[in-house]
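Enquirer: Got a predicted model here, sequence first, then my questions.
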Amino acid sequence: MEQRVEAEDDDWIEDEEDNEKKKRKIKSSRRKFFFKYFFFVKGEKIHVCKCFYLGTLSISQNPVYTVHSTKNIETNTPTQDQRGKNGNSRRVPKGDPVLVREHMKSFPVVESHYRRAHTKRKYLVSHLSIVPPSVLH
């Protein structure tokens with residue numbers, strides 16, 4: 001039995017399916033393509049139905065449609081995965097760490113209520129939180 005290929009590697013979906021333009025005289029249909037599903041068995045291309053294809057690979061139809069809707073038309077290859085490529089919009093720009101530490105030290109601190117004798121941690125006073133310090137300056 002063949003080992004299941006990871007879903008991120010979309011090349012195997014490309015090889016085992018064909019999508020063709022729908023040949024119709026009426027131009028009003030929203031359906032752009034129809035799919036033919038194939039498996040390669042001993043070098044031979046065998047046409048199978050959609051249910052058998054999806055059931056054998058234990059996937060839904062979404063990866064199939066996603067691969068074909070996002071592929072590069074010129075090269076007929078899947079587009080690169082763009083996950084993680086965008087910068088984090090919440091990240092604070094890198095600055096001088098000394099200035100940041102000095103700013104943090106400017107707020108009043110208290111010792112922990114629990115186990116005071118055993119810890120060196122300092123905490124913000126109870127009326128301060130994340131939002132008010134940014135509003136203060």
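Expert: Looks like it arrived, so ask away. Residues are numbered from 1 along each chain as shown.
Enquirer: Could you tell me how far the residue sitting furthest away from the middle of the chain is located from V109?
Expert: No residue in the chain sits farther from the centre than A117, which is 46.5 Å out by C-alpha atoms, centre = their mean. Distance, A117 to V109, using C-beta to C-beta, to the nearest Å: 17 Å. No exception for glycine: its C-beta is placed from N, CA and C like everyone else's.
Enquirer: Checking V100 next. Helix, strand or coil?
Expert: Following DSSP: H, G, I helix; E, B strand; the rest coil, we place V100 in the helix state.
Enquirer: how close does it sit to F107?
Expert: Taken as C-beta to C-beta, the span from V100 to F107 is 12 Å.
Enquirer: roughly how far is stretch 37-49 from the heart of the chain?
Expert: Its chain's C-alpha centre and that of stretch 37-49 lie 31 Å apart, by C-alpha atoms, centre = their mean, to the nearest Å.
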